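# structure for the following, please:
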Amino acid sequence: MPGTDYVFDVNEGGLTRAVSRSLDERGFAVLRGLFTPDMVAEVMTGIRRYSQSPAVAGVPGYCKVDHPKRLISPYSVGGAAVDMILDERVIDLVEGHMKSECVLAEANVKIDEGVGYVYFPMHADFSVGWRKGADSDFELTRDQLELPIGIGGAIYLEDTTEGAFCYCEGTHKMLAPRGPNIDTYPADERRAVMDKMVRIDGKAGDFVIFDDRGFHGPDQPSRARRTIILVDYYRVDTFGHTLVSPVAVWSSDIGRLSKKQLRVLGVGAGAMVEPDAYMSTRFRRNRMYGVAKFLVRNAYLWPHFKNKLRSKLTRRGHRQ
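Sure, this is the predicted structure:
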């Protein structure tokens, strides 16, 4: 990986200023050595278990928002996945850089299929006037946007090259003047942004952190499958003690979290989006949702009819 002076081995120590400088100047940095191969293997085992079937009728699994990707809650995977997204070394780096406490506003395991076409364009997460939903009273101002208000992260769970996370270097300083979607920009401005794109190849266990204000997205088109954990830490001094949507965490994981981790997890925090209106529920708008709902509602009709018939015959036998 040529020119990878943005990669920092956490085992060397004393990296806080260097990582923060990379975030300031480039908009991204890679933290290496945070997680052992055993941790990565444990998480991948859990992901394989939950990625086999969709989450239907209370069965833990994946959700779909489009064809190319599957999403799984890392809190459902549990164990080492929770340790990764709430690693206190990362929390300290993020909070030091944003000069504020943070909340883990979102976290998802994402499995991208190698479909060979662009399905998720380069984008910035924030721009002036941003608000999470149509009903939200909170809108970002330009003054607020001058500060690093969100640090995103991508944890590679496999060695990743084709399909890797990409960042348009330095574009966090632009503040997305025409909005978050690069496809809406004039051709010359779009080229100027895309010319700054760096594909961040990495190893299993690497943690890419980046300034949400810059343009980023997966390397596309790609024919390689990619498995990562995506996270987003929001600045409490900007957004308040609030996350995007409440999360369900296994009680066995909650019991071993520190006070700091619980705070970042969002214990006691408000929510921008109710759970039944979050991204993972988007399938409700798909025409196949009605079919799935019908099948679930009627999945036990045959046993029900058998039991009714058996009960009726039993009562008749007693009367005779």
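# ranges for the helices of the stretch 1-150 of the chain?
With DSSP state H, counting those that start in this stretch as the criterion, the stretch 1-150 of the chain has helices at 16-25, 37-50, 74-77, 80-85, 88-98, 142-145.
# let me have these in CSV, extended by mean neighbour count, distance to Gly217 and mean pLDDT.
Every residue, glycine included, has its C-beta placed from N, CA and C. Below are the helices of the stretch 1-150 of the chain laid out as CSV (neighbours: other C-beta atoms under 10 Å; distance: least, C-beta to C-beta, whole Å; pLDDT from 0 to 100):
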stretch, mean neighbour count, distance to Gly217, mean pLDDT
helix 16-25, 16, 18, 96
helix 37-50, 17, 21, 97
helix 74-77, 23, 20, 96
helix 80-85, 23, 20, 98
helix 88-98, 19, 21, 97
helix 142-145, 14, 20, 97
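# tell me the contacts of Gly217?
Residues near Gly217 by C-beta atoms under 8 Å, 6 or more residues apart in numbering: 120-123, 165-166.
# for these, work out which two are farthest apart.
Greatest spatial distance among the contacts of Gly217 (C-beta to C-beta): Pro121 and Phe165, at 14.1 Å.
# the two: which has the busier surroundings?
Phe165 (26 against 14; other C-beta atoms under 10 Å).
# so that one sits against Val208, correct?
Yes. Phe165 lies in contact with Val208 (C-beta atoms under 8 Å); the separation is 5.3 Å.
# quick one: common contacting residues for the two?
Common neighbours of Phe165 and Val208 (C-beta under 8 Å, 6+ apart) are 154, 200, 202.
# out of these, the closest to Thr161 would be?
Checking those against Thr161 with C-beta to C-beta, the nearest one is Gly202 at 8.4 Å.
# any idea what that closest one is bridged to?
Here Gly202 sits in beta bridges with Thr160, as judged by DSSP bridges.
# for Glu106, see how far away it is.
21 Å (C-beta to C-beta, to the nearest Å).
# where exactly do the strands run in the stretch 101-250 of the chain?
Counting by DSSP state E, counting those that start in this stretch, one finds strands in the stretch 101-250 of the chain at the ranges 102-112, 150-156, 165-168, 197-199, 207-211, 216-218, 226-235, 242-243.
# for the ones you listed, which has the smallest mean pLDDT value?
Comparing mean pLDDT over these, the weakest stretch is strand 242-243, at a mean of 94.
# what's that strand in contact with?
Here strand 242-243 makes contact (C-beta under 8 Å, 6+ apart) with 103-106, 234, 266, 269-272.
# just to revisit the earlier point, between the helices of the stretch 1-150 of the chain, which gets nearest to Pro221?
With C-beta to C-beta as the measure, helix 37-50 is the member of these nearest Pro221 (23.7 Å).
# quick one: buried residues of the helix or strand of the chain with the lowest mean pLDDT?
Within the chain, no helix or strand scores below helix 301-319, which has a mean of 85 by mean pLDDT, DSSP states H and E. Of all the residues in helix 301-319, not one is buried under the rule 16 or more other C-beta atoms under 10 Å.
# stretch 197-208 now?
Buried residues in stretch 197-208 (16+ other C-beta under 10 Å): 197-202, 204-208.
# and what of stretch 123-139?
Quick answer for stretch 123-139 (16+ other C-beta under 10 Å): 123-127, 130, 132.
# chain center to it: distance?
18 Å (C-alpha atoms, centre = their mean, to the nearest Å).
# now stretch 32-41
The answer for stretch 32-41 is 19 Å, by C-alpha atoms, centre = their mean.
# please enumerate residues in contact with it?
Against stretch 32-41 from outside (C-beta under 8 Å, 6+ apart): 7-11, 80, 83-84, 87, 89-90, 155, 157, 202-207.
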